[in-house]
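Participant: structure for this input, please:
(chains A and B)
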Protein chains: 2
Amino acid sequence: MVPHHPARDQIELANVLSALGNPMRLTIVRVLAETGERPCGQVGTYLGEGISKSTLTHHWRVLRDAGVIWQQPAGRENLLTLRKEDLDDRFPGLLDSVVAGIGDLAPGGPARRAPRTGR
Amino acid sequence: MVPHHPARDQIELANVLSALGNPMRLTIVRVLAETGERPCGQVGTYLGEGISKSTLTHHWRVLRDAGVIWQQPAGRENLLTLRKEDLDDRFPGLLDSVVAGIGDLAPGGPARRAPRTGR
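Facilitator: Residues are numbered from 1 along each chain as shown, chains lettered A, B, ... in the order given. Predicted coordinates for the structure are as follows:
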């Protein structure tokens, strides 16, 4: 089943900011901004160990419902992509300034430790 | 009593985005961006009628704790100011792109009707 995504003109600023306002979701956005389209599972490895599948699913859903990412079924996984064109069209400069403000990822790949608390 | 404000280097991106991710708080930011320093009560009039003092107090606190506004006692009220310099220093371009993305205020002054639901 293809999950619901808002159309470009239905993307609302408050929803985007609220979705981005979480350290784990910011890390997800940073990974996708740096690496492009990625399977869910691979993105999850950047967030640290011990994060449950349901927590990840929750974060994909928040980002998807707000219009920040595409989530497309591909085989047994979902592919995640930043909706950069849509966000740049709706809110010029926003995504770039957010991505620039996120701390660097651990060099060379997935983080060994990442904050586990959502806030 | 002067309320607590985070120092510039303690302002965190996730907190700022989370604080901004609400239609009412976006309106507050827009009012302050357009009109400069304002007493709480005056800013409140832009948010529509029937909003309780405790709701307004909550929104000032969320914005203040995240480092988005200064809230300074002045007589019987508090003055609110956007921390534009601090935010521009920490996250260049972010505040401008957010303010540009907020819909226009009602022309000529306070809104007659505004969304009442926080989300």
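Participant: which residues are contacting the lowest-mean-pLDDT helix or strand in chain A?
Facilitator: When the helices and strands of chain A are scored by mean pLDDT, DSSP states H and E, helix A:40-44 comes last with a mean of 90. With contacts defined as CB atoms under 8 Å, 6 or more residues apart in numbering or on different chains, helix A:40-44 is touched by A:28, A:31-32, A:51, A:56, A:60, A:71, A:77-80. No exception for glycine: its C-beta is placed from N, CA and C like everyone else's.
Participant: tell me the mean pLDDT over whichever helix or strand comes after that helix?
Facilitator: Sequence-wise, the next helix or strand downstream of helix A:40-44 (DSSP states H and E) is helix A:53-66. For helix A:53-66, mean pLDDT rounds to 95.
Participant: and helix A:53-66, how far from the chain's centre?
Facilitator: Chain-centre distance of helix A:53-66: 8 Å, with CA atoms, centre = their mean, to the nearest Å.
Participant: that one close to chain B?
Facilitator: No. Figure legend: helix A:53-66 not in contact with chain B (CB under 8 Å from any CB of the partner chain); closest approach 8.9 Å.
Participant: just the C-alpha atoms of that helix, please, in CSV.
Facilitator: Only the C-alpha atoms of helix A:53-66 are listed here, as CSV (Å, rounded to 0.1, in the frame of the first residue of the first chain):
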residue,chain,number,x,y,z
LYS,A,53,10.8,-0.6,14.8
SER,A,54,7.7,1.1,16.1
THR,A,55,9.6,4.2,17.1
LEU,A,56,11.2,4.4,13.6
THR,A,57,7.8,3.9,12.0
HIS,A,58,6.4,6.7,14.1
HIS,A,59,9.1,9.1,12.9
TRP,A,60,8.7,8.1,9.2
ARG,A,61,5.0,8.8,9.6
VAL,A,62,5.4,12.2,11.2
LEU,A,63,7.8,13.3,8.5
ARG,A,64,5.7,11.8,5.7
ASP,A,65,2.4,13.3,7.0
ALA,A,66,4.0,16.8,7.3
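Participant: so which elements touch it?
Facilitator: Packing partners of helix A:53-66 (3 or more CB pairs under 8 Å, 6 or more residues apart in numbering or on different chains; DSSP states H and E): helix A:13-20, helix A:23-35, helix A:40-44, strand A:69-74.
Participant: could you dump the ones you listed to TSV with mean neighbour count?
Facilitator: Formatted as TSV, the helices and strands packed on helix A:53-66 follow (neighbours: other CB atoms under 10 Å in any protein chain shown):
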stretch	mean neighbour count
helix A:13-20	23
helix A:23-35	21
helix A:40-44	18
strand A:69-74	17
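Participant: I am finished for the moment; much appreciated.
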